[in-house]
Structures are given as structure tokens and as C-alpha cells.
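J.: My questions are about this predicted structure, shown below with the sequence.
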Amino acid sequence: MNNNQLKSNLLCSTHWIRLVFMVLFTLILQIASSVMILVVVVQFLFSLITGNDNSSLRQFGSSLSKFIYQTLQFLTYNSESKSFPFADWPEAEPQQEKAKPVAAAIVQADTPESAAVQTFETVEAQEAEDSIRQEDA
């Protein structure tokens, strides 16, 4: 790199404008990270108290994580696109039905094959029981 190119790079306004945006987005990213921690804690407490997560918090967490990702992409020069507020707020992923956790049953079995069959029957019975509860509700 010669002196003329270095001088040209240093005087180029594009780099300095990007620096201003990078400082701004770094500050916004700090706030977004704090909000994300708050969302995580509130979601955990909600789940602990009610037994289920809050779908609105889950959607907001999804869109906030996309915003954080977009911001990091810009800050690391992996994207020239500026995130919110210079673009639309990212939309949350469509919610998928969450897999229900199934408690593992301790099964006494003579062979591994019979243990697998007994475990499958336990899971099947749990699903049937859940289905009946949903119909009653």
C-alpha cells in the first residue's frame, strides 16, 4: 500500500460515516443485550410459575435475536445493511408446536428389545393421557 492510497482511504468519508454508525449500533446492541437478558429471566420465571412459556415473549425474543444478529453482521463488516431503526424490525419466526417432554420411565427388562418396546408403550400411554386432558379442557 502506497502513501497515496493510504491518504485516500483516510480521507474517504464512507469509512468515517460507517464508524459513526458502528458506534451508534454498538450502543444499541448493549441495550438490546440487556433487554434480551430480561426476556430470558422473565420467560424462565413465567415458565416456572405457570408450567408453560409465554408465546408473546418467545416471539419477541425471536425477533430481538434476529435484530442482534443483523446488528452484529453490520458491525463485523459481513453486511452493509443497517438494522432497525434504518430498516424494518425483523419478524419472528413462525411458531412451531413445541415438542412435549416425556419423562423417562425406568423399565426392568430381560433384553434390550423388550426395554425398547416397554419404553415405546410408556410414551404412547403418556401421549394418550395428554390427549384426553386436552379434550377435557
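T.: Noted; the coordinates are in hand. Numbering: from 1, shown residues only.
J.: by contact count, what packs against the longest helix belonging to the chain?
T.: Counting residues, the longest helix in the chain under DSSP state H turns out to be helix 13-50. Contact partners of helix 13-50 among helices and strands, from 3 or more CB pairs under 8 Å, 6 or more residues apart in numbering; DSSP states H and E: helix 55-75. The way it works is simple: take the backbone N, C-alpha and C, and place the C-beta from them, glycine included.
J.: pLDDT averaged over the helix it packs on, what's the number?
T.: Mean pLDDT, helix 55-75: 94.
J.: tell me the domain boundaries of this protein?
T.: In terms of domains, the chain is parsed into 3-94, 99-137 (source: automatic domain parsing).
J.: looking at those domains, which is buried most?
T.: Among the domains of the chain, domain 3-94 has the highest mean neighbour count (mean count of other CB atoms under 10 Å), at a mean of 13.
J.: chain center to that domain, what's the gap?
T.: Centroid displacement of domain 3-94 relative to its chain, using CA atoms, centre = their mean, to the nearest Å, is 12 Å.
J.: repeat for stretch 81-97
T.: Relative to its chain's centre, stretch 81-97 lies at 12 Å (CA atoms, centre = their mean).
J.: Which residues does that stretch contact?
T.: 21, 25, 55, 58-60, 62-63, 66-67, 70-71, 73-74 (CB atoms under 8 Å, 6 or more residues apart in numbering).
J.: cool, stretch 47-58 as well?
T.: Where contact means CB under 8 Å, 6+ apart, the residues beyond stretch 47-58 that reach it are 39, 42, 43, 46, 92, 95, 98.
J.: Confirm for me that the first one is in contact with residue 59.
T.: No: shown here, residue 39 and residue 59 do not form a contact pair, counting by CB atoms under 8 Å, at 10.6 Å.
J.: just to revisit the earlier point, turn the contacts of stretch 47-58 into a markdown table, including distance to residue 30.
T.: Output for the contacts of stretch 47-58, formatted as a markdown table (distance: CB to CB, whole Å):
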| residue | distance to residue 30 |
| --- | --- |
| 39 | 15 |
| 42 | 19 |
| 43 | 21 |
| 46 | 25 |
| 92 | 22 |
| 95 | 28 |
| 98 | 31 |
